[in-house]
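# Quick check, what structure comes out for this input:
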Amino acid sequence: MMCQAECRHYLQFSFQLPDVYQVFESVAKKYDVMNDMMSLGIHRVWKDLLLWKMRPFPGTQLLDVAGGTGDIAFRFLNYVQAQHQRKQKKQLRAQQNLSWEEIARKYQNEEDSLGGSRVMVCDINKEMLKIGKQKAHAQGYKAGLAWILGDAEELPFDDDKFDVYTIAFGIRNVTHIDQALQEAHRVLKPGGRFLCLEFSQVNNPLVSRLYDVYSFQVIPVLGEVIAGDWKSYQYLVESIRQFPSQEEFKEMIEDAGFQKVTYENLTSGIVAIHSGFKL
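All right, here's what the predicted structure looks like:
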């Protein structure tokens, strides 16, 4: 079994990193299947927890960066729609004098089903966006959703535009993380929130050893068997080990101008949710 120090030594000397764009272009078609296989399906719970931590309200304008497959966007739309419907039902129960026609009209108003909420999915990779659009069409997502080709380090949006910025399992693949964080701060409205779900450093020695063995000896094999791509999945594993620790990343978020920065470890620190506010 390799310890964490040995793994870092391995990263530095044994592997030449491929082009990140090509990696994600390569894995796009099998991305969802491989996520389920690599995490044993737990990535779905992690993403659900990100939404519960966000707790968006109807009218929230969300920017989801590096979210081409739509996983966060779809959860956001489901959440705000459920919130809006609960609010609408509560209002209707309070208005006993409405006619049947008025009640039916309110329920059938598709444009208002999200309470004004919108999500903009921004990804640098065309293939990932293509997969996301196909999933949105298949699952019936239409209203409140837009897809934009763009770079996290140079976002194609005006200042002070969004209420929430999310990036899930994407920031470790950005070349200049500090620049991406500054861009996140720029496009958020005053009072806006930054949320990042990312792989992190395991804080349990036993779990850490098992995780290292699984990561370096099993995941690349799964990548070869399922996606026919050993190299890309070896890169993805190694990019996780090179990412800053929870405390180091917290400091980077603060350096970008965010305040009230916190993080929450999930699954013994395999992943962490980082939160900060533009105040």
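
# in the stretch 101-250 of the chain, what spans have low per-residue confidence?
Residues of the stretch 101-250 of the chain meeting the criterion pLDDT under 70: 102-112, 226-227, 229.

# Most distant residue from the centre of the chain?
residue 97 (43.9 Å; C-alpha atoms, centre = their mean).

# SS state for that one?
Using DSSP: H, G, I helix; E, B strand; the rest coil, the structure places residue 97 in coil.

# helices and strands around whichever helix or strand residue 209 is part of, which ones?
Using DSSP states H and E, residue 209 maps to helix 205-217. For helix 205-217, the helices and strands in contact under the criterion 3 or more C-beta pairs under 8 Å, 6 or more residues apart in numbering; DSSP states H and E are helix 4-14, helix 230-242. No exception for glycine: its C-beta is placed from N, CA and C like everyone else's.

# Quick one: distance of it to the chain centre.
24 Å (C-alpha atoms, centre = their mean, to the nearest Å).

# again with stretch 140-156
With C-alpha atoms, centre = their mean, you get 13 Å for stretch 140-156.

# start to end distance for it?
Distance across stretch 140-156, first residue to last, is 27 Å (C-alpha to C-alpha, to the nearest Å).

# Let me see the ranges of the helices in this structure.
With DSSP state H as the criterion, the chain has helices at 4-14, 20-27, 31-39, 42-54, 71-94, 100-108, 126-139, 177-187, 205-217, 219-227, 230-242, 246-255.

# Can you report how many residues lie near residue 56?
22 (other C-beta atoms under 10 Å).

# Please tell me I have it right and it contacts residue 116.
No. The pair residue 56 / residue 116 is not scored as a contact, 11.4 Å apart, by C-beta atoms under 8 Å.

# Pull the longest strand seen in the chain out as PDB, backbone CA atoms only.
Ranked by residue count, the top strand of the chain under DSSP state E comes out as strand 188-199. Extracted in PDB, the C-alpha atoms of strand 188-199 (Å, rounded to 0.1, in the frame of the first residue of the first chain):
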ATOM      1  CA  LEU A 188     -21.200  37.400  -8.000                       C
ATOM      2  CA  LYS A 189     -23.500  40.100  -6.700                       C
ATOM      3  CA  PRO A 190     -22.700  41.700  -3.400                       C
ATOM      4  CA  GLY A 191     -24.000  39.200  -0.900                       C
ATOM      5  CA  GLY A 192     -23.600  36.300  -3.400                       C
ATOM      6  CA  ARG A 193     -22.300  32.900  -2.400                       C
ATOM      7  CA  PHE A 194     -19.400  30.800  -3.700                       C
ATOM      8  CA  LEU A 195     -19.800  27.000  -3.300                       C
ATOM      9  CA  CYS A 196     -17.300  24.400  -4.400                       C
ATOM     10  CA  LEU A 197     -17.600  20.700  -4.100                       C
ATOM     11  CA  GLU A 198     -14.200  19.100  -4.600                       C
ATOM     12  CA  PHE A 199     -12.100  16.100  -3.700                       C
END
